[in-house]
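Student: Give the three-dimensional model of this entry:
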Amino acid sequence: MHDHAGGVGAVKRLALNQWTTRRWSVAEAVDGCVRHGLEAIGLWRQDVAAQGLGETIALVRNAGLRVSSLCRGGFLTAPGFEEDNRRAIDEAAALEAACLVMVVGGLPGVVPGEPLGEISRDLTAARNHIAEALTLLVPYAAERGVRLALEPLHPMYCADRAVLSTLGQALDLAEPYAPETVGVVVDTFHVWWDPQVFEQIERAGAERRIASYQVCDFLSPLPADVLLGRGMMGDGVIDFGPLTDAVAAAGYRGDVEVEIFNADVWAADPDEVVTTMKARYASLVSRV
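Tutor: Numbers count the residues shown, from 1 in each chain. Have a look, this model is predicted:
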């Protein structure tokens, strides 16, 4: 059942991921959420660091906002991953974030945006390493009440960002752990293409694993930098209704976060972006 566009219910669960309005600082994004009637915000660690963790906590709490996610932990195939991820977990705990999004990392030695040097091409070993890395991080997260949210990324990012490409793979990795400590992200941009997506969303619901539902569109054609191929809902090829219905049927009642990486969106006036985001969410995505 659709919410009525423009009604209060239409945005009650809508969260602004900070990078959708990347020009805004944490303080500006918090203020923007308040002015636009949003109740939740997804934060990025580098922006939190720039604002200051303590000040960010005060801004969010004084505004009465929920932190729908903290992005990101992960890159578990990189040297020094454990120390950085422990810091990320501590930050998520301090912010009382609903989850810490984990982008698990690509092949060892492959760095996003950099030419190939000495790398490992052993994809199976890289995926096994992710499972081993989680055994080190999950107890630390559990002690601090933080939920790690494994995010499968579209296969075009397998080499440099995430050897985790499907929701099924993410659920297999999460299976040994309590669902309140390890969940999964359902991001429309990354999963819409998967022939098993509805089956796996149903499985995620049965296992109580859905930690975050993120939405944006998949543009066609993609830009030269495919990282920026995310579009405002309705500007690409994704049919949001069936995916949102499946997530709702799976029992997810958390925030729905709009996360867009797009040069034109970033260049636009952030207030206009949020206004459009609310309208598109209400007409294309939202469900009671």
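
Student: And Ala206, how far from Leu243?
Tutor: 17 Å (Cβ to Cβ, to the nearest Å). From N, CA and C alone the C-beta is placed, and that goes for glycine too.

Student: The two: which is more packed in?
Tutor: Leu243 (20 against 11; other Cβ atoms under 10 Å).

Student: nearest spatial neighbour of the more buried one, skipping sequence neighbours?
Tutor: Thr188 (5.7 Å; Cβ to Cβ, 6 or more residues apart in numbering).

Student: Tell me how many other residues crowd that neighbour.
Tutor: Other residues close to Thr188 by other Cβ under 10 Å number 24.

Student: isn't it right next to Ile238, touching?
Tutor: Yes - between Thr188 and Ile238 there is a contact under Cβ atoms under 8 Å: 5.3 Å.

Student: Give me the common contacts of these two.
Tutor: 217-218 (Cβ atoms under 8 Å, 6 or more residues apart in numbering).

Student: Who are the contact partners of the residue nearest to Leu243?
Tutor: With Cβ under 8 Å, 6+ apart, Thr188 has these contacts: 214-218, 238, 240, 243.

Student: top helix in this protein by residue count?
Tutor: helix 123-143 (DSSP state H).

Student: Helices of the stretch 101-250 of the chain, residue ranges please.
Tutor: 123-143, 167-174, 188-191, 197-206, 240-249 (DSSP state H, counting those that start in this stretch).

Student: buried sites along the second one?
Tutor: Read it as helix 167-174. By 16 or more other Cβ atoms under 10 Å, the buried positions in helix 167-174 come out as 167-171, 173-174.

Student: Nearest to Ser286, out of those residues: which one, please.
Tutor: Leu167 (21.7 Å; Cβ to Cβ).

Student: need the contact list for that closest one.
Tutor: By Cβ under 8 Å, 6+ apart, the neighbours of Leu167 are 152, 184, 186, 191, 194, 196-197, 200-201, 204.

Student: of all those residues, which two lie farthest apart?
Tutor: The widest separation within those (Cβ to Cβ) is 13.6 Å, between Val184 and Gln196.

Student: neighbour-wise, which of these two wins?
Tutor: Counted by other Cβ under 10 Å, Val184 and Gln196 do not tie: Val184 has more neighbours, with 31 against 12.

Student: in the stretch 1-150 of the chain, which ranges drop under the pLDDT threshold?
Tutor: Filtered on pLDDT under 70, the stretch 1-150 of the chain yields the residue ranges 1-10.
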